[in-house]
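**Student:** model the following, please.
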Amino acid sequence: MSSYWFSYFGKYLKGKAYIMENRNQYFDAIVQQLQNIVESNQYCNNQIERQIGDVFKSVLQLMDTKRDKDIVKGLFAHATSVKFVSKIQKVQNKSAIMNCRDELKGNIEIFKNIQETSQVVRNDMTCSQQRRLQNRIVQARKDKEMKLKLESRGRMMKAEEWPELCKTMEYIFGEFDQKEKSGGGLEAHPRLKNESESFKKFHVETNGISMEAFANTATEAAKFIGVLLWHSGKLGAFGSGTESVVIAVKNEELHVQFLAWYCIRDGKYEIKLQTKYVRREFLSIESITPLQTLVTPTQEIQAVLTGDNVTDVLQQVFGYSSFQPGQEETIRTILDGSDTFVVMPTGGGKTLCYAIPAIISKGLTIVVTPLLALMDDQVRRLRAKKINVCYINSRMTEQEKDVVIHCLSQQECPYDILLITPEALVSPEFQAVVMKMSRTRNLARIIVDEAHCVDTWGNDFRQSYSQLSMFKDHSIQMVAFTGTATEITVQRIIESLQLDSPHTVRVSLERPNLSFTVAEKRESKSMENITDKIVKEYSGKCGIVYCFSTRDTLDMAYNLKQRGIKAVYYHGQLDLFEKDSNATMWLESRADVICATNAFGMGIDKKDVRFVIHHSMPKSMEEYFQEAGRAGRDGAPAHCTLFFRFQDRVKHLKHISEIEDGSHRTCAKKRLDGITKFCIGKECRKQAMLRYFNDQHHNDPCQVCDACINSSEQLTDMTETANGLINCALEILAMQPKVSSKYIISVYRGHKTKEIVTKGLHTLPSFGKGKEVFKNDKGALKLLHLLISMGILIENLSLAENQSTPFITVDENYQLQLSNGSIVIKM
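**Tutor:** Residues are numbered from 1 along each chain as shown. Sure thing, here's the model as predicted:
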């Protein structure tokens, strides 16, 4: 029997001895005894079995508790394979043992990968997490109080009083000679003597196994357990058709279920997880800076408040010499007390527009903000300028909320600005506070930040936005800010908030440092094309890749990692800890690219983003402008690329069809048509974008987008051809109720398929009319797609058995305008 088997088990026992302290001599003796038993060939197998059994009895005698014994049993079974252990305990003669040699060698090859596999797990942890792990173990070993306590009870230290299974495995998987450590190992990082952060305790269940694990995140705990499952042969390979293993991780705050496989990347084994289910129990935790807002105004601010000079506040408090476009007009309008609607692009300085009036005028300014991350960022920036700002959100304790509300209710409110979510503002408790402040004239105004959410979310999953108008009943000044809004959207927001004849400030949305490209998306090679583009053009640069689905974010990040790009992913189904970890890695430039759904972005202000790529078409121009606008905020050149495939519309149409409110559904459909027309069109991308938002400040072509670069292509008047295509669709619809785009093109181009001939469609007057006009079906289909984007042809989904098929109808009003020349089609 090969002695390699127990040499690997010996490494495990030495690791255990290292953790349990003062037992090295016992374990060294046991390892040597096991080695001698196996290497002595003069023993028959009964003696081998008997002596190995005796040794294990001595091992177990060293364990003081059942937990200790279970850990050692688990390690032994893990090192030798549970299946082989049970087999060797039942053998009857020496030849049976020899027959196990091949299986034993296979196990040895698996265990040779222990160090590499554990390295993958360790590399998934951030440097700070590794330092926390090192610090926790070392500090525990040196804890004098615990040593004295244990010595007074007259026994040696128990394993359960040291780091738990996950930390034990971290040491056991690695080499213990610090001289042999290199990059990524725990001892390679400096120890933080004063660090006091601790791990979270998770309960993990999988395949009938239940255990406790200490880790920084639920994902980290699941990965450690995934390594154990893989070594025991219970984890299937990713992409092989093998069923996943469900790993349930939970604690008092969080319950997550992961689907787990193993995969091989760059010749190394890695645990692959996908989030199946997440439930978060919100607990009362400390706010960012508890009760700091109770301090009185600083002397610097008091000095400015002696006058009402807006420019003085700009220079002395915020340190700017001049205003950006639209800022001064907005500030003076707000100070006049008028309701105001402000359209200002991202990075245009909206915070300053409401902060200066809050400092100068008497009374509290309430700022309604949609996201906690955005709130945190604004609080941090305003406090850095010594402005008295407070906030109320779901992360605060009830006691903290009570203190803030109590201060708001005082005759002299100590705050200048309150940041609050819409849900908290419309709650009955806070409505009473607002009403009282309004009566005592302690409330100056309500600011609605990211006001486009009133239109896009107010009728959907955040209906509290649609309730903000209740405060207009008490004549409270209201100001709305948005970075993207068409004339129709502006009117919808004004009506929803019931703004009283608002003064509108519209700043140009033009971003001269951004260039735009719409590229053809080939579905089978879309991720490969994006990866090639990033590797060739943006290697080492910061960027965002927006994806439609959570699965796409994972696959996109994997493709980039395979090509050496530091990439992370982000989507709404990640647990809160992993969201924060991945976003922080990108924000701190430890990752170059973040692959994300539209759950990522609002409130993110990273200056050096050099590119934004959309793997799929967004659902609206508003969404695209917001997401693309996260590039180039430092003013340096940046590029935005959208990979377009008309069939991606179906994904959005399916979501639109699920909207219950009819007017909201129609509006969402028009937005989708707007972004589709933008992608199909051949005019300057910036001109098309600014025209969509009714921005008349700039009318010249940008000369840097793909449309301008290819402007040598002359546009052709296709109005007559479009009329012919529409007539073809009408003729088909007269014979059958449902018709698809491809079906119309087949008839229009004169394809005599069996189905067309059977239904008699080859006899229609329009049959084959497009054969001479277009060289192939692709050109005719492009015209049909343009008519759809203009609303002349309408796509309606037929939903059946998890399949979504779009069928075409004709809008009679648009058809009339097209036929009388009111609409001209060029392409």
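**Student:** helix or strand with the lowest mean pLDDT in the chain?
**Tutor:** helix 165-173 (a mean of 40; mean pLDDT, DSSP states H and E).
**Student:** tally of neighbours for Gln736?
**Tutor:** Neighbourhood size, Gln736 [other CB atoms under 10 Å]: 10. C-beta coordinates here come from the backbone N, C-alpha and C atoms, glycine included.
**Student:** my read is that it contacts Ile756, right?
**Tutor:** No - counting by CB atoms under 8 Å, Gln736 does not reach Ile756; the two are 11.3 Å apart.
**Student:** need the overlap of contacts for those two.
**Tutor:** Here Gln736 and Ile756 share no contacting residue, scored by CB atoms under 8 Å, 6 or more residues apart in numbering.
**Student:** what comes up buried for stretch 554-574?
**Tutor:** 554-561, 565, 567-571, 573-574 (16 or more other CB atoms under 10 Å).
**Student:** ok, Glu755 - contacts?
**Tutor:** Counting by CB under 8 Å, 6+ apart, Glu755 has no contacts.
**Student:** how far off centre is stretch 227-237?
**Tutor:** 28 Å (CA atoms, centre = their mean, to the nearest Å).
**Student:** state the pair within the buried residues of stretch 554-574 that is farthest apart.
**Tutor:** Farthest-apart pair in the buried residues of stretch 554-574 is Ile565 and Gln573; separation 23.2 Å (CB to CB).
**Student:** quick one: the helix or strand containing Val204 to chain centroid distance?
**Tutor:** Assigned by DSSP states H and E, Val204 belongs to strand 200-206. Chain-centre distance of strand 200-206: 24 Å, with CA atoms, centre = their mean.
**Student:** pull the residues that contact it.
**Tutor:** 164, 210-218, 221-222, 225, 229, 245-251, 260.
**Student:** how about a cut-off of 6 Å?
**Tutor:** Met211, Glu212, Ala213, Phe214, Ala221, Ile225, Ile247, Ala248, Val249, Lys250, Asn251 (CB atoms under 6 Å, 6 or more residues apart in numbering).
**Student:** export those to a markdown table and tack on neighbour count, pLDDT and secondary structure?
**Tutor:** Shown next, in a markdown table, are the contacts of strand 200-206 (neighbours: other CB atoms under 10 Å; pLDDT from 0 to 100; DSSP: H, G, I helix; E, B strand; the rest coil):
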| residue | neighbour count | pLDDT | secondary structure |
| --- | --- | --- | --- |
| Met211 | 18 | 81 | strand |
| Glu212 | 15 | 81 | strand |
| Ala213 | 23 | 80 | strand |
| Phe214 | 20 | 79 | strand |
| Ala221 | 29 | 85 | helix |
| Ile225 | 29 | 84 | helix |
| Ile247 | 26 | 92 | strand |
| Ala248 | 19 | 91 | strand |
| Val249 | 25 | 91 | strand |
| Lys250 | 17 | 88 | strand |
| Asn251 | 16 | 84 | coil |
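**Student:** so Tyr277 makes contact with His255?
**Tutor:** No - contact criterion CB atoms under 6 Å: Tyr277 and His255 do not qualify, at 7.6 Å.
**Student:** between these two, which has more neighbouring residues?
**Tutor:** Counting neighbours by other CB under 10 Å for Tyr277 and for His255 shows that His255 has the greater number, 17 against 12.
**Student:** helices of the stretch 351-500 of the chain, residue ranges please.
**Tutor:** 372-384, 398-408, 422-425, 428-439, 452-456, 487-497 (DSSP state H, counting those that start in this stretch).
**Student:** tell me the angle of the fourth one relative to helix 398-408?
**Tutor:** When you say that, I think you mean helix 428-439. 20 degrees (axes from the mean of the first three to the mean of the last three CA atoms, to 10 degrees).
**Student:** what's the answer for the last one, then?
**Tutor:** Calculated by the same axes, to 10 degrees, helix 487-497 forms an angle of 80 degrees with helix 398-408.
**Student:** what does helix 487-497 contact?
**Tutor:** Ala451, Val454, Asp455, Gly458, Leu468, Ser469, Met478, Ala480, Asn694.
**Student:** neighbour-wise, give me the winner out of those.
**Tutor:** Ala451 (30 neighbours).
**Student:** tell me if I'm right that that residue and Ala480 touch.
**Tutor:** Yes - between Ala451 and Ala480 a contact is recorded at 3.8 Å, counting by CB under 6 Å.
**Student:** which of the helices of the stretch 351-500 of the chain has the lowest average pLDDT?
**Tutor:** With a mean of 76, helix 452-456 has the lowest mean pLDDT of the helices of the stretch 351-500 of the chain.
**Student:** any low-confidence regions in the stretch 201-350 of the chain?
**Tutor:** 267, 278-308 (pLDDT under 70).
**Student:** can you give me the strands for it?
**Tutor:** 209-215, 245-250, 254-265, 268-280, 340-343 (DSSP state E, counting those that start in this stretch).
**Student:** so which of the buried residues of stretch 554-574 are in helices?
**Tutor:** Leu554, Asp555, Met556, Ala557, Tyr558, Asn559, Leu560, Lys561 (DSSP state H).
**Student:** kind regards, and thank you for your time.
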